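>>> Here is the input, now give the coordinates:
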Amino acid sequence: MTAPVSGGRARYEHDEAVVEVLYSALRRAGIGFAASVPDTLNYPLVRRFEADPEVISISCAREDEAVAAAMGAFLGGAWPCVMMEGSGIGLSALALARAIAQRTPMLILASHLRALGERHDYHAATRLVTEPVLAALQIPIVPVIDPRDIPMFVREAQMTVQGDRRPVALVFPRHSLHVQQEEE
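Numbers count the residues shown, from 1 in each chain. I've put the predicted structure just below:
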C-alpha cells in the first residue's frame, strides 16, 4: 500500500454513490434552488446541482450571502437549500435569525459535526459553532451518521421545512459522504 500524501494526512474521496443518493433525495424533496459556499464536503453535490438545468445553483463568497439568496429564492417560489462548512453557521447567524423571523425556510446542509471524524485541528472553531448556534436559533439539527438514512432524513427534514416554514439543518460528519478507507 502507498503512504498517504501531504505530511501523513490521510487522503479520502467522496463516495459517488452516496453523493448521488443525497442529490436524488434533495431533488425528490423538491429542492429547486441551491446556494453554496466552497467546502470539501459539498463540492460533488454542488457540481450535480450546477449540471442540472432544472435547478438554479449559485456559488457565494460568504455564508450569510448564501442564506440571503436562499431566502430570496423561497420568496420567488423555489424550495432552497444552502450548502456550507459548519463554521458558516456562525458567520450567518444574523441572516438565519432574519429567515426565522420572516418565515423564509431553507434546508441547510453543513459539514463538520462536533464529535465525529475530525482529523484536523483547524476545524476546531467550526466544531465549536455549528451545533450551538443552530440550537440557539432553535433550528432543528439532524446529524447524518449513517449514509443509508439520507433519503429518509432529507424527506423528513424538507417536510419540516415546508410545514413549519423554518430552516432545518442536516449536519454531515466526514465519514458520511466519503469512501471508507482503512487506517494505516
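
>>> can you give me the strands for the protein?
Counting by DSSP state E, the segments of the chain that form strands are 31-36, 56-59, 79-85, 107-111, 141-143, 168-172.

>>> Mean pLDDT added to the ones you listed, as CSV?
CSV is the format used below for the strands of the chain (pLDDT from 0 to 100):
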stretch, mean pLDDT
strand 31-36, 98
strand 56-59, 97
strand 79-85, 95
strand 107-111, 93
strand 141-143, 93
strand 168-172, 94
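
>>> For those, give me a markdown table that also has distance to M152 and mean neighbour count.
Glycine gets a C-beta too; all of them are placed from N, C-alpha and C. A markdown table is the format used below for the strands of the chain (distance: least, Cβ to Cβ, whole Å; neighbours: other Cβ atoms under 10 Å):
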| stretch | distance to M152 | mean neighbour count |
| --- | --- | --- |
| strand 31-36 | 16 | 24 |
| strand 56-59 | 24 | 16 |
| strand 79-85 | 17 | 26 |
| strand 107-111 | 14 | 27 |
| strand 141-143 | 10 | 18 |
| strand 168-172 | 11 | 24 |
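
>>> Export those as CSV, with columns for distance to R98.
Formatted as CSV, the strands of the chain follow (distance: least, Cβ to Cβ, whole Å):
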stretch, distance to R98
strand 31-36, 15
strand 56-59, 19
strand 79-85, 14
strand 107-111, 14
strand 141-143, 19
strand 168-172, 16
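
>>> Ok, which of those comes nearest D15?
Minimum separation from D15 across these (Cβ to Cβ) falls at strand 168-172, 11.9 Å.

>>> ok, what's across the strand from the nearest residue to L109 once chain neighbours are set aside?
Spatial nearest neighbour of L109, excluding adjacent residues (Cβ to Cβ, 6 or more residues apart in numbering): M83 at 4.6 Å. Beta-bridge partners of M83, counted by DSSP bridges, are S36, L109.

>>> isn't M83 right up against V46?
Yes: contact status for M83 versus V46: in contact at 6.2 Å, counting by Cβ atoms under 8 Å.

>>> Give the intersection of the neighbour lists for those two.
Counting by Cβ atoms under 8 Å, 6 or more residues apart in numbering, the common neighbours of M83 and V46 are 34, 36.
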